[in-house]
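*Asks:* From the sequence below, what's the structure:
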Amino acid sequence: MSLKLGKKFNRCYSIRLPFLDGYYNIDIFFDKRSTFVLFGIDREFDEGIETVTSKVSMFKNLESSKFCETFIKLHNFRKNTLDIANQFSGIKPEYTNDIVYIFNETLTLSKVNIENRDLFDELTIYGLTMNVNFNDFIFLIAERQNINQKLRKKFVRTTGLQIATAASIKSLDEYYIENQTSGKAGTEKRFVAKDAVIKLED
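*Replies:* Numbering: from 1, shown residues only. Purely as a prediction, here's the structure:
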């Protein structure tokens, strides 16, 4: 069944990513005049090979993703010429050994000068995975930076795509729970009586 996009999408960027014993072919549809982004996904596995079932989820709001809430720093900012919502700002420092980049690609569509500043209309795609599930977890972030010349304003919006097996979702849930409870449960300050403290110099 073909995907009907209508008039809102007039550009496409395609990537092919290994997953378990096959590949995912991912199309990123977008519009040259807006921040709309849509994913098209097609699995490619050899015939006769049994594969582990995977689940695909799309996030229009990255804050609703357990992966982003746990591992990713998001940037929000607004002023007269700029409107940024949930822009990818990097991996949280405490998880730099747990999360790795699969790729990071930017497609520049045009350059616009606003108030003597050069602004770029771009599509940037970040591919990330968890070290413990390197071959069976993918999280893509598609960041659309669009210049509205009538408003003389740059808009930045992001969309996420997660491809995961049951095992990698379990790993993600464990990280998420650990992240939610660290610094809260089980870490209360305990006051110790002075005579219970052993000093090294004694």
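
*Asks:* Tell me which residue is most central in the protein.
*Replies:* residue 141 (3.7 Å; CA atoms, centre = their mean).

*Asks:* Would you double-check that that residue falls in a helix?
*Replies:* No - inclusion of residue 141 in a helix is not indicated when DSSP: H, G, I helix; E, B strand; the rest coil is applied; the result is strand.

*Asks:* Make sure it is actually in contact with residue 128.
*Replies:* Yes - contact criterion CB atoms under 8 Å: residue 141 and residue 128 qualify, at 7.4 Å. The C-beta positions use only the backbone N, C-alpha and C, and glycine is treated the same way.

*Asks:* Work out the gap between the top strand by length along the chain and the centre of the chain.
*Replies:* Using DSSP state E, we find that the single longest strand of the chain is strand 99-114. Distance of strand 99-114 from the chain centroid (CA atoms, centre = their mean, to the nearest Å) equals 14 Å.

*Asks:* Now that strand: buried residues?
*Replies:* Buried residues in strand 99-114, counted by 16 or more other CB atoms under 10 Å: 99, 102, 114.

*Asks:* And the longest helix seen in the chain, what does it pack against?
*Replies:* Counting residues, the longest helix in the chain under DSSP state H turns out to be helix 166-181. Applying 3 or more CB pairs under 8 Å, 6 or more residues apart in numbering; DSSP states H and E, one finds that helix 166-181 makes contact with helix 66-71, strand 117-130, strand 137-148.

*Asks:* need those in TSV with mean pLDDT and distance to residue 12, can you?
*Replies:* Compiled in TSV, the helices and strands packed on helix 166-181 are given as follows (pLDDT from 0 to 100; distance: least, CB to CB, whole Å):
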stretch	mean pLDDT	distance to residue 12
helix 66-71	96	24
strand 117-130	93	10
strand 137-148	96	12
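
*Asks:* and the ones you listed, which is most packed in?
*Replies:* Mean neighbours per residue, mean count of other CB atoms under 10 Å, is largest over those for strand 137-148, with a mean of 22.

*Asks:* angle of that one against strand 99-114?
*Replies:* Taking axes from the mean of the first three to the mean of the last three CA atoms, to 10 degrees, one finds that strand 137-148 is oriented at 10 degrees with respect to strand 99-114.

*Asks:* and strand 137-148, which strands flank it?
*Replies:* The strands beside strand 137-148 in its sheet (DSSP bridges) come out as strand 117-130 (antiparallel), strand 153-165 (antiparallel).

*Asks:* tell me how far that strand is from the chain's mean position?
*Replies:* Averaging C-alpha positions (CA atoms, centre = their mean) puts strand 137-148 8 Å from its chain's average.
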